[in-house]
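> Compute the structure for the input listed below.
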Amino acid sequence: MEIAEKPTGNLGQSLEWLRKELSEMQVQDQRLLLTLRHLQSILEELHAESAHWEDARSSGGSSPIRARAGSEGRGHQPLSSRGLAHLLRGEDSRRSSLP
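Model (predicted):
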């Protein structure tokens, strides 16, 4: 984690710098919240799919592959393992502004 240097100058400049930093942190928090919600929806979908597979396997019913077809159009694209790793590492979402 990078430690921001103390802003120099008068109090007004320091307060302005602090406001800017806080604003950028709020934007980053919103992005992280959206990422978290997206990951949560993926986990819920995987849990439901897993339960369907278990039910199909134990009952010997129809193919559970058909269950996946219905989940593709839920408003988000399937996330590849590379995409998931990218989200979890937080790439492109780190702040890098210093005074």
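> helices and strands around the helix or strand encompassing Ala51, which ones?
Assigning secondary structure by DSSP states H and E places Ala51 in helix 11-59. Contact partners of helix 11-59 among helices and strands, from 3 or more C-beta pairs under 8 Å, 6 or more residues apart in numbering; DSSP states H and E: helix 65-71, helix 81-89. (Each C-beta comes from the backbone N, C-alpha and C, glycine too.)
> can you tell me the average pLDDT over the last one?
Spelled out, that is helix 81-89. Throughout helix 81-89, pLDDT has a mean value of 66.
> i'd like the first residue to be 779 from this point on
With 779 as the first residue, the last one maps to helix 859-867.
> the bottom helix or strand of the chain by mean pLDDT?
Within the chain, no helix or strand scores below helix 843-849, which has a mean of 52 by mean pLDDT, DSSP states H and E.
> residues near Trp795, how many?
Counted with other C-beta atoms under 10 Å, the neighbours of Trp795 add up to 18.
> Distance check, it against Met803.
Separation of Trp795 from Met803 (C-beta to C-beta, to the nearest Å) stands at 13 Å.
> got it, and Glu827?
Glu827 is 36 Å from Met803, by C-beta to C-beta.
> out of the two, which sits in the more crowded spot?
Glu827 (15 against 11).
> so where's the protein shaky on pLDDT?
779-787, 838-877 (pLDDT under 70).
> count of neighbours near Arg815?
10.
> now Ser828
Ser828, neighbours per other C-beta under 10 Å, totals 11.
> Would you check how far apart it and Asp807 are?
Ser828 is 31 Å from Asp807, by C-beta to C-beta.
> quick one: buried residues of stretch 822-841?
Counting neighbours by 16 or more other C-beta atoms under 10 Å, one finds that the buried residues in stretch 822-841 are His830, Ala834.
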